[in-house]
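Enquirer: using only what follows, build the 3D model:
(one chain, ligands or ions: 2)
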Amino acid sequence: MAREIRLQIKPDNCRACRRCLASDVCKVRAIVRIDSDEPPFLDAARCYDCRLCIPACPFEAIRVTGDFLPSVKTIC
Ligand code: SF4
Ligand code: SF4
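Expert: Ligands and ions are numbered 1, 2, ... in the order given. I've put the predicted structure just below:
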């Protein structure tokens, strides 16, 4: 069964940093950049939702989609 990855990189927040600190912490290289002038994208096939990249981005460009509350709740 496919996993649901709810992270996204917000293009409005992303500064397309020369060195992407969020990408640096991703152990599976799920934050991918094709063009150095463009924001990276998140490869959902690689991402395992560890969320280490969220605090690593200094511009809060990586968000959990659909979360409007400060705490993340899991509904089973
Ligand atoms: S995701 Fe964050 S660290 Fe990476 S390029 Fe965008 S703003 Fe910079
Ligand atoms: S949640 Fe984890 S695996 Fe997914 S992009 Fe962020 S650091 Fe990589």
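
Enquirer: low-confidence ranges in this structure?
Expert: Applying pLDDT under 70 to the chain flags residues 1-3, 66-76.

Enquirer: relative to residue 44, how far out is the residue positioned nearest the centre of it?
Expert: The residue lying closest to the centre of the chain (CA atoms, centre = their mean) is residue 62, at 4.3 Å. Distance from residue 62 to residue 44, counting by CB to CB, to the nearest Å: 13 Å. For glycine as for every other residue, the C-beta is placed from the backbone atoms N, C-alpha and C.

Enquirer: returning to what we had before: what sits against the residue nearest to the centre of the chain?
Expert: 7, 8, 9, 10, 22, 42, 53, 54 (CB atoms under 8 Å, 6 or more residues apart in numbering).

Enquirer: near ligand 2, which residues of this protein?
Expert: 7, 25-26, 28, 30-31, 42, 47-53 (CB under 6 Å from any ligand atom).

Enquirer: quick one: the helices in the chain?
Expert: Here the chain has its helices, by DSSP state H, at 21-25, 53-56.

Enquirer: could you redo these as JSON lines and give each row mean neighbour count?
Expert: Formatted as JSON lines, those follow (neighbours: other CB atoms under 10 Å):
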{"stretch": "helix 21-25", "mean neighbour count": "16"}
{"stretch": "helix 53-56", "mean neighbour count": "17"}
